[in-house]
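What would the 3D arrangement of this be:
(2 chains)
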2 protein chains.
Amino acid sequence: MGKKINIKNEQSFITFIQNLNKDKATSKHKKILRHIGDDAAVFSNFSEISVFATDAMVDGVHFDSNNSNWLDIGWKCAVSNLSDIAAMGGIPDYALVTMGISKDYPKEKYLEFSMGINEALNIFNCEVIGGDIVSSKNIFINIAIIGHIRDKNFLSRNNANSGDCVYVTGELGGSAGGLDLLQKGKNIEDKYSKKLIEKHFRPYPRLDISQNIINEKITCAMDISDGLYTDLEKISIESKVDIRIFLDQIPIDENLCNYNLEKQRQFSLYGGEDYELIIIGNIEKISSFNKQFNPKGKIIGEIVKKSSNPKITILDKNKKTYTSNHQGWDHLK
Amino acid sequence: MGKKINIKNEQSFITFIQNLNKDKATSKHKKILRHIGDDAAVFSNFSEISVFATDAMVDGVHFDSNNSNWLDIGWKCAVSNLSDIAAMGGIPDYALVTMGISKDYPKEKYLEFSMGINEALNIFNCEVIGGDIVSSKNIFINIAIIGHIRDKNFLSRNNANSGDCVYVTGELGGSAGGLDLLQKGKNIEDKYSKKLIEKHFRPYPRLDISQNIINEKITCAMDISDGLYTDLEKISIESKVDIRIFLDQIPIDENLCNYNLEKQRQFSLYGGEDYELIIIGNIEKISSFNKQFNPKGKIIGEIVKKSSNPKITILDKNKKTYTSNHQGWDHLK
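Residues are numbered from 1 along each chain as shown, chains lettered A, B, ... in the order given. Below you'll find the predicted structure:
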């Protein structure tokens, strides 16, 4: 697909990627009519409705190629895309991977990267069926995933209504805490620090519960990739609603216990890349979902009213508006 | 979809892109269930079989942001993807556009770029339904297109058989000639030079004839994006065949008339980005297609035999093997 870079072992690189999928014999694999190695991939659809997402990561912005394991970078790129599919209530099927690579960079790193992508995709029965390799001074990765929707029901950001409650599927702030430790070069021997760093490098998309959300007839969701506050703002804009959040209800990652409470709150409110889901719906549906499938989740707020100028309010336990003193935190820039 | 860059007018940029498609009321538009502005796009499929391609372009490699019109860059990015769909005999439906953009770069350039993409996609009834915007020192663009296959018949690189003839759909070398003029900073006042430069900046994908190819029951094709010779090599590897090309049969762009014959041959053999198609099939089918739909195309060679170590031979009019003296031409590196 397109103008490839002329590195001597480009063909062997493509063969390597092809071989990663060679021994698959799943029903998904059988639906592929043309795989890696043609102008485009061709496949039979799984249902009437498709879901289509893309996500890019750039060296120096989303990861640091000098201080990361490439298996982890690949994993995270895949997860950030899989998480978008989970947020729509979709089932991921196939991926195209574009790599913008520097000729001078050790080629085995790109092989590790491909293995990291495959490791994450395989867990969720999603397969790389094509892509593009281009030359770029600054390394970047783009993944596009196509998936399908069962039974025509999906989740979206624009279905929040007055009176709905706002729910998150799990603890927040862990990934941001891990990044903070890495940036400060702090001692990471204790078990909490190790856990935080693992959460930063190896997040999970909530595909494990997204079909259960659909089954409860809930229709509004979004994944938390940019941070709870920022992502709530996006829902409020798309749904045109005011949202009220109760600060003490936000589930904070238990491994942040070495930080003071204010710092924990900042990580859980403004930290990105936890890839938990925000779900919005009526309390009966949400409670039923929570009880049956996801007891670790929590109701954290409510949709106040429709609004042409949507806003988010955070209330502390005294019902006073909470204003964070966070500023200049790199992860958010 | 993912971690966006925090430029102040990101939302207004997304709104601009949304508005580019706002007034559409085509049947295609009506099948879109979730458009730009959610974690992923959702749409109803057009047929049982989908075709899925991606292609990236990088500043300084595929284009030069300082010396190009951004409308043209957008056009060409879209065309290189549309051409992949044409090469499979597919019909393009929806696109996701990723832009890796530098914060310091004038934002109106990105708006022009988006307009260029839309201009090309609209001609072929394809629509942008999502994407990602990320921060990157070095500008890059990635497009992923999903399309569909009518009636289960498609084209691929691995269907060439002994005795088949090799056909190209139009004149070659024009885009490479245009690039050569631009790189040399030559006078571009004469009509031939102007045409070559137009071919370089504004190529067309052969979606106009790709369904006719399918209708003739031809099954082997590929688009010429990297250059005739390089792309024939790819077909020979995928189909495991030896290919013989007759040098004097290759249709050379008539606007290359100011170059000597050897240079014309180099452009048409090794120059990329003309986006014509190579078609391979039996002579009756190819001749029927040519006569009815594409009289400008030409049979340029034949499939010699199946081979485990595929090779391309180019014969001159004396049936001697042609060896080019081309070397170190930037466009090919």
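
Under the pLDDT cut-off, which ranges of the stretch 1-150 of chain A? List them.
A:1-13, A:21-27 (pLDDT under 70).

show me where it has helices.
A:10-20, A:27-30, A:70-87, A:107-123 (DSSP state H, counting those that start in this stretch).

what comes up buried for the second one?
If you call a residue buried by 16 or more other Cβ atoms under 10 Å in any protein chain shown, then helix A:27-30 has these buried ones: A:Lys28, A:His29. From N, CA and C alone the C-beta is placed, and that goes for glycine too.

chain center to it, what's the gap?
25 Å (Cα atoms, centre = their mean, to the nearest Å).

quick check, that helix touching chain B?
No. On the criterion Cβ under 8 Å from any Cβ of the partner chain, helix A:27-30 is out of touch with chain B, staying 13.5 Å away.

How about stretch A:46-57?
Yes. Using Cβ under 8 Å from any Cβ, stretch A:46-57 reaches chain B at A:Glu48, A:Ile49, A:Ser50, A:Val51, A:Phe52, A:Ala53, A:Thr54, A:Asp55, A:Ala56, A:Met57.

Switch the helices of the stretch 1-150 of chain A over to a markdown table; also include distance to A:Lys317.
Putting those into a markdown table (distance: least, Cβ to Cβ, whole Å) gives the following:
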| stretch | distance to A:Lys317 |
| --- | --- |
| helix A:10-20 | 51 |
| helix A:27-30 | 49 |
| helix A:70-87 | 30 |
| helix A:107-123 | 39 |
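
So what's the predicted local confidence for the closest residue to A:Ile278 other than its chain neighbours?
With sequence-adjacent residues excluded and distances taken as Cβ to Cβ, 6 or more residues apart in numbering or on different chains, A:Ile278 is closest to A:Met222, at 5.0 Å. Note on A:Met222: pLDDT of 97.

What is the burial count for A:Met222?
Residues lying near A:Met222 (other Cβ atoms under 10 Å in any protein chain shown) number 26.

A:Tyr259 should be in a helix, yeah?
No. A:Tyr259 is assigned coil when assessed by DSSP: H, G, I helix; E, B strand; the rest coil, not a helix.

how far away is the residue nearest the centre of chain A from B:Ile197?
The centroid of chain A falls nearest to A:Ser80 when counting by Cα atoms, centre = their mean (3.3 Å). Taking Cβ to Cβ, to the nearest Å as the measure, A:Ser80 falls 40 Å from B:Ile197.

cool, A:Ser307 as well?
Taking Cβ to Cβ, one finds A:Ser307 at 52 Å from B:Ile197.

same question, A:Ile303
56 Å.

swap in A:Ser225?
42 Å.

So these two - more neighbours on which side?
A:Ser225 (25 against 20).

The more buried one and A:Leu277 touch, don't they?
No. At 10.4 Å, A:Ser225 does not count as touching A:Leu277 under the criterion of Cβ atoms under 8 Å.

So what's the residue count around A:Ile101?
Neighbour tally, A:Ile101, other Cβ under 10 Å: 22.

ok so, going back, let me know which of the helices of the stretch 1-150 of chain A is the nearest to A:Lys184.
A:Lys184 sits nearest to helix A:70-87 of all the helices of the stretch 1-150 of chain A, at 18.9 Å, using Cβ to Cβ.

on that earlier part again, would you tell me which one of the helices of the stretch 1-150 of chain A is buried the most?
Mean neighbours per residue, mean count of other Cβ atoms under 10 Å in any protein chain shown, is largest over those for helix A:70-87, with a mean of 27.

which helices and strands sit right next to that helix?
Packing partners of helix A:70-87 (3 or more Cβ pairs under 8 Å, 6 or more residues apart in numbering or on different chains; DSSP states H and E): strand A:49-58, strand A:91-101, helix A:107-123, strand A:140-149, helix A:191-201, strand A:220-223.

Go again with 7 Å.
strand A:49-58, helix A:107-123, strand A:140-149, strand A:220-223 (3 or more Cβ pairs under 7 Å, 6 or more residues apart in numbering or on different chains; DSSP states H and E).

Quick one, which of those gets closest to B:Arg265.
helix A:107-123 (34.0 Å).

What residues sit buried inside whichever strand or helix holds A:Lys291?
Taking DSSP states H and E as the definition, one finds A:Lys291 inside helix A:283-293. By neighbour count on 16+ other Cβ under 10 Å, the buried set for helix A:283-293 is A:Lys285, A:Ile286, A:Ser288, A:Phe289, A:Asn290, A:Phe293.

Tell me how far stretch A:190-198 lies from the chain's centre.
Counting by Cα atoms, centre = their mean, stretch A:190-198 is centred 20 Å from the centre of its parent chain.

thinking again about what came up before, give the closest residue to the residue nearest to the centre of chain A in space, chain neighbours not counted.
A:Asp55 (4.9 Å).

So what sits opposite that neighbour in the bridge?
Here A:Asp55 sits in beta bridges with A:Ile143, going by DSSP bridges.

how far away is the residue of the stretch 101-250 of chain A found nearest chain B from A:Ser136?
Of all residues in the stretch 101-250 of chain A, A:Ala144 sits closest to chain B, at 3.4 Å by Cβ to the nearest Cβ. Plainly put, A:Ala144 is 17 Å away from A:Ser136 if you go by Cβ to Cβ.

domains of chain A?
A:10-149, A:165-321 (automatic domain parsing).

Reformat the ones you listed as CSV; add distance to B:Glu238.
Output for these, formatted as CSV (distance: least, Cβ to Cβ, whole Å):
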stretch, distance to B:Glu238
domain A:10-149, 6
domain A:165-321, 34
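
Buried deepest among those domains, which one?
Using mean count of other Cβ under 10 Å, domain A:10-149 ranks as the most buried of the domains of chain A, with a mean of 21.

Now do the same for A:Lys333: its pLDDT.
At A:Lys333, pLDDT is 37.

For the stretch 101-250 of chain A, what lies in contact range of chain B?
A:130-132, A:134-138, A:140, A:142, A:144, A:146, A:149, A:154, A:156-157, A:222-223, A:225-226, A:238 (Cβ under 7 Å from any Cβ of the partner chain).

go again using 6 Å as the cut-off
A:132, A:134-138, A:140, A:142, A:144, A:146, A:154, A:156-157, A:223, A:225-226, A:238 (Cβ under 6 Å from any Cβ of the partner chain).

Low-confidence ranges, the stretch 201-333 of chain A, go.
A:325-333.

If we use 90, what do you get?
Under the criterion pLDDT under 90, the flagged ranges of the stretch 201-333 of chain A are A:323-333.

Show me the helices in it, by range?
Under DSSP H, counting those that start in this stretch, the stretch 201-333 of chain A gives helices at A:210-215, A:228-239, A:261-270, A:283-293.

Any idea which of these gets closest to B:Arg244?
With respect to B:Arg244, and counting by Cβ to Cβ, the nearest of the helices of the stretch 201-333 of chain A is helix A:210-215 at 54.2 Å.

Distance from the closest one to the middle of the chain?
17 Å.

Tell me which residues are up against it.
Residues from elsewhere that reach helix A:210-215 (Cβ atoms under 6 Å, 6 or more residues apart in numbering or on different chains): A:Ala86, A:Gly89, A:Asn153, A:Phe293.
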